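Enquirer: sequence? don't have it. structure:
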């Protein structure tokens, strides 16, 4: 096999890949290739025709395609190379990449690889929802794709399980297309989507949201005829006797996203069981030298603006990596208290300022987030509210790090 | 319009498809009537997918004879039909003295049945075979194996179709009557057929068909078994099926690798009267995981990707004892071959059962060999299994191999197109899934199902509201969003 040399290969032309490419180009690295499996750049934003994107970055409310187009226009203007309709089949530890497209079977040898493959949805099977297996059960993103990209209507009488953002968006979208959205059920005692989406997608359309409820049975031997919903207790176990049947022909699942790391695993990248994404340092370098990751492939974000920012920070590191051929070792581990689901990064070198992304486990009010090293607090931030749906981003000055001992991130109320 | 046949086979499960293929070896006009939209939508596609050694069945039964015969000839069959099959071997794991005695009896019984290579192995050897297994000793059956039950049934049916057999899907039989001249008139929900012979391979519906043929007295008990499918991540931890020590009526909950590298866990055995309900209850999933974890400790909810269930048509005696396979020609229904109670090990036994059925027919009239019969069928080449060089060559020859439709299983547009234009003319989403593995991976169609639904519509000129998931009535969509 004949491997074509590239300085940087970016796998995935969604928001993370696009932002990474532009930033690298601005830093003087021009031998870039973005590989995208779809026929157009833009990733999942292509099907997100609702607005609300870019409020942080552009200070205006854009639709998903509009947000993506701002980046794509720049890519085109700068003539940054990209190929579409091309699926990467493998990535190796030594950064060899194979891909397939109608044009042929292709192979590259990269100096650095940037993983920006995004995420996929959790499915019914992964949740293990009991019952029959009729047509009419869709994940929210699949339903969104059918409706927005394929002009295909998935159903008329709808129940939604999970209050993730895409589920909320789809409650509104299907209502606007004439469907009857009966209710949204959330197993947790609080909503998992953004507050603004609860207001704009459910409350504004009088769609009820039932917390601490889940679907406990699915009915229908051919097309869905209904679902049984039960209340759950503190351990999220269904309470017998609370079953209620809802007639519907469509069940939309918005029950979580999982970073898509099959290619990362093939390259030997170590994953974090909490994020299902790579373990990275403040340079967004994975456990494999020269392989970097950002965006939803690293951890699931709630706002695309943060995806773009993360990818830009990654590009800083990649440009340094390519100039110096290596980055300082990251030996300071970041550990978390039980109120925190995870942090990104999981390790730091302590040689440069970094952004700490923190995902809380449950909603909290009036608390402090503290970073400790060797028993003493090196940083403390007051938080009025903390909710799992909204990622906390905190800049950390490297000078605060005194040694190679673990950094502990804690929530204090 | 009436279609005229020499033989009508009712049911396109693995047995009906095998019977059709065996009949095609002779100069006969053959039709197969299937109530579902594709082959193996019921028992044939809803099981553990194990090719059994034949040691577990009572001496002298058809189950024992057909199973041993089927197991021994499976390599040749798999070669002819180009289907995924692997002689993985299989272990029945025990812990107590009682287990030990029971396994020794199974070996003795198996040897008399003609099952080859059975032996008791100690814990050390067991751990060599399956390092993750929990148990003190086991019976090892080296010739047991695993098969892809969909590809297997599809291949039998396609090979029959290649050799001139006509398949009619969505044709549930609602009436059969025999005219004065001996011709059978069969009415389905959408057609009428005339035939000189009828072969009943209706599986779960075989008692109903028996009654229509005038053969009374059979009674079925449905045994429903649920399964959990685990992610390929754990596949490497299970090189062969691991079973507990069986009772006389039930194999027990086992863990089984699939041909594609997943693992299935199941089945329980619930007595059911509704033969169309395939729901999997929560308590059964929990029970399966708990019970099978005592054999193999890698069953975790985070690796669940799907679940399914199957129902076995067990022929019951008055005292509810499970009876043998029935392959019969009865005086009260001349020119019929009646197959009843074909449950496990039906998958292993399908071809031997079919040969016996055809022999009964040949006993009644002289059959003339079809000199053009070709037993060789080629399956859809799997891009994902080719070397890089071969992948490059395939794309150069046909660019559709360069368009990956299903990411998880690396299924290309070229494969999807071959599946959409399959020799049986079936067109559901499940049909494409079974033929290509698309939509079967971890994302369960999240990435590819829109593309596949679009290709079905484009290639077969269907509207969105005509696309079916599987069974009739399982419409995927209500129509277009706009215009």
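Expert: Looks like it arrived, so ask away. Only a predicted model underlies this, so the values are computations on that prediction, with no experimental measurement involved.

Enquirer: Residue of the stretch 1-150 of chain B nearest chain A, please.
Expert: residue B:37 (10.2 Å; CB to the nearest CB). No exception for glycine: its C-beta is placed from N, CA and C like everyone else's.

Enquirer: so how far is residue B:450 from that residue?
Expert: 21 Å (CB to CB, to the nearest Å).

Enquirer: likewise residue A:292?
Expert: From residue A:292 across to residue B:450, the span is 30 Å (CB to CB).

Enquirer: Compare these two and say which is more crowded by neighbours.
Expert: A count of neighbours by other CB atoms under 10 Å in any protein chain shown puts residue A:292 above the other of residue A:292 and residue B:450, at 29 against 19.

Enquirer: beta partners of that one?
Expert: Applying DSSP bridges to residue A:292 yields these beta-bridge partners: residue A:114, residue A:285.

Enquirer: hang on, it packs against residue A:314?
Expert: Yes - with contact defined as CB atoms under 8 Å, residue A:292 counts as touching residue A:314 (5.4 Å).

Enquirer: who touches both of these two?
Expert: Overlap of the contact sets of residue A:292 and residue A:314 (by CB atoms under 8 Å, 6 or more residues apart in numbering or on different chains) consists of A:114, A:283, A:284.

Enquirer: All the helices of chain B, residue numbers only.
Expert: For chain B, the helices defined by DSSP state H occupy B:14-23, B:62-72, B:74-81, B:97-113, B:123-129, B:149-162, B:206-213, B:282-292, B:346-364, B:388-397, B:413-420, B:429-436, B:449-460.

Enquirer: top of the shared contacts of residue A:292 and residue A:314 by neighbour count?
Expert: residue A:114 (29 neighbours).

Enquirer: Tell me which residues touch it, please.
Expert: By CB under 8 Å, 6+ apart, the neighbours of residue A:114 are A:8, A:9, A:10, A:11, A:17, A:20, A:292, A:293, A:294, A:314, A:318.

Enquirer: go again using 10 Å as the cut-off
Expert: A:8-12, A:16-17, A:20-21, A:24, A:32, A:34, A:284, A:290-295, A:297, A:311, A:314-315, A:318 (CB atoms under 10 Å, 6 or more residues apart in numbering or on different chains).

Enquirer: Next: residue B:303.
Expert: Listed by CB under 10 Å, 6+ apart, the contact set of residue B:303 reads A:126, B:228, B:229, B:230, B:231, B:232, B:233, B:234, B:262, B:263, B:442.

Enquirer: In strands only, show me these.
Expert: Judged by DSSP state E, strands contain the following of the contacts of residue B:303: B:228, B:229, B:230, B:263.

Enquirer: Compute the distance between the second one and chain A, please.
Expert: It stands for residue B:229. 7 Å (CB to the nearest CB, to the nearest Å).

Enquirer: okay, now that residue: neighbour count?
Expert: With other CB under 10 Å as criterion, residue B:229 counts 19.

Enquirer: what's the nearest residue to the residue of the stretch 201-350 of chain B found nearest chain A if we skip its chain neighbours?
Expert: Nearest residue of the stretch 201-350 of chain B to chain A: residue B:306, at 3.5 Å (CB to the nearest CB). Spatially, and ignoring its direct neighbours in sequence, residue B:306 is nearest to residue A:125 (3.5 Å; CB to CB, 6 or more residues apart in numbering or on different chains).

Enquirer: Is it correct that the one you found is in contact with residue B:308?
Expert: Yes - taking contacts as CB atoms under 10 Å, residue A:125 lies within contact range of residue B:308: 9.4 Å.

Enquirer: shared neighbours, these two?
Expert: Common neighbours of residue A:125 and residue B:308 (CB under 10 Å, 6+ apart) are A:133, B:228, B:229.

Enquirer: what's the closest of those to residue A:328?
Expert: Comparing the shared contacts of residue A:125 and residue B:308 against residue A:328 with CB to CB places residue B:229 closest, at 44.5 Å.

Enquirer: The closest one and residue B:304: what is the separation?
Expert: Counting by CB to CB, the gap from residue B:229 to residue B:304 is 7 Å.

Enquirer: okay, and the helix or strand of chain A with the least pLDDT?
Expert: The helix or strand of chain A with the poorest confidence is helix A:124-127; it has a mean of 87 (mean pLDDT, DSSP states H and E).

Enquirer: Name the residues that touch that one?
Expert: With CB under 10 Å, 6+ apart, helix A:124-127 has contacts from A:131, A:133, A:137-139, A:161-162, A:187, A:214-215, A:218, A:251, A:253, A:255-256, A:258, B:228-229, B:231, B:301-308, B:442-444.

Enquirer: For that helix, which residues meet the burial criterion?
Expert: Residues of helix A:124-127 classed as buried: A:124, A:125, A:126, A:127 (neighbour count, 16 or more other CB atoms under 10 Å in any protein chain shown).

Enquirer: what separates the next helix-or-strand element following it from the chain centre, distance-wise?
Expert: Note on helix A:124-127: by DSSP states H and E, the next helix or strand toward the C-terminus is strand A:137-139. In terms of CA atoms, centre = their mean, to the nearest Å, the centre of strand A:137-139 is found 19 Å from the chain centre.

Enquirer: any idea of the pLDDT on residue B:316?
Expert: Residue B:316 carries a pLDDT value of 79.

Enquirer: Could I get the contacting residues of it?
Expert: When contacts are counted by CB under 10 Å, 6+ apart, residue B:316 touches B:218, B:219, B:220, B:221, B:271, B:322, B:323, B:341.

Enquirer: about what we covered before: in a markdown table, list the helices of chain B along with distance to residue B:169.
Expert: Shown next, in a markdown table, are these (distance: least, CB to CB, whole Å):
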| stretch | distance to residue B:169 |
| --- | --- |
| helix B:14-23 | 12 |
| helix B:62-72 | 26 |
| helix B:74-81 | 20 |
| helix B:97-113 | 37 |
| helix B:123-129 | 42 |
| helix B:149-162 | 10 |
| helix B:206-213 | 17 |
| helix B:282-292 | 31 |
| helix B:346-364 | 19 |
| helix B:388-397 | 31 |
| helix B:413-420 | 15 |
| helix B:429-436 | 10 |
| helix B:449-460 | 14 |
